[in-house]
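**Q** Kindly generate the corresponding structure for this input.
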Amino acid sequence: LHFVESGGGLVQPGGSLRLTCTASGFTLDDYAVGWFRQAPGKGRDEVSCINYIHGHSDGKTDYADSVKGRFTISRDNTKNTVSLQMNSLKPEGTAVYYCGAVWRAAACVATSVNYWGQGIQVTVSS
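**A** This is a model prediction of the structure:
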């Protein structure tokens with residue numbers, strides 16, 4: 001089983017990045033999938049979640065207030081991936097970003113995550 005993030009890197013303030021989480025060995029349709037981030041010296045906070053609801057492949061989405069209107073989470077069931085499009089990035093968005101999958105859940109709670117990716121660095125700096 002593998003769960004791998006890609007797409008991170010260095011971007012200037014106001015720029016965009018697209019993070020993708022790719023699963024192998026299990027089907028993301030059966031999971032709520034969330035993006036979390038952890039800045040140095042801080043806890044791991046939820047950024048966005050796409051829920052599993054009653055077997056539907058496209059569940060309800062949710063966002064932290066700090067990213068609403070700038071970030072968009074989406075699924076591609078054909079590729080078994082979940083992506084996070086991040087626009088208008090701010091320096092406070094600098095963190096390691098993780099994806100986490102929760103079995104048949106309606107919410108992405110870090111303590112309930114079944115599978116974590118290894119994390120990927122996003123740095124927003126001029």
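
**Q** Enumerate every residue touching the most centrally placed residue in the chain.
**A** Nearest to the geometric centre of the chain sits Trp35, at 2.3 Å (CA atoms, centre = their mean). Residues near Trp35 by CB atoms under 8 Å, 6 or more residues apart in numbering: 19, 21, 46-49, 73, 82, 84, 97-100. In short, each C-beta sits where N, CA and C put it, glycine included.

**Q** Could you report the neighbour count for the residue lying closest to Ser88 once chain neighbours are set aside?
**A** Nearest non-adjacent residue to Ser88, counting by CB to CB, 6 or more residues apart in numbering: Arg70, 4.6 Å away. Using other CB atoms under 10 Å, Arg70 has 15 neighbouring residues.

**Q** same deal with Gln85?
**A** Residues near Gln85, counting by other CB under 10 Å: 16.

**Q** try Ala105
**A** 21.

**Q** That one in helix, strand or coil?
**A** State at Ala105, reduced to three classes by DSSP: H, G, I helix; E, B strand; the rest coil: coil.

**Q** Against Val11, how distant is the residue lying closest to it once chain neighbours are set aside?
**A** With CB to CB, 6+ apart as the criterion, Ala105 has its nearest non-adjacent residue at 4.1 Å, and that residue is Ala32. Going from Ala32 to Val11 by CB to CB, to the nearest Å gives 27 Å.

**Q** Then Trp35?
**A** For Trp35 relative to Val11 (CB to CB), the value is 16 Å.

**Q** same thing with Ala106?
**A** Taken as CB to CB, the span from Ala106 to Val11 is 32 Å.

**Q** And for Tyr97?
**A** From Tyr97 across to Val11, the span is 12 Å (CB to CB).

**Q** Tell me who's in contact with Gly15.
**A** With CB under 8 Å, 6+ apart, Gly15 has these contacts: 89, 124.

**Q** ok, back up a step: mind listing what the residue nearest to Ser88 touches?
**A** Arg70 neighbours (CB under 8 Å, 6+ apart): 86-89.

**Q** Scan the residues you listed and report the most crowded one.
**A** Using other CB under 10 Å as the neighbour test, those are led by Met86, with 27 neighbours.
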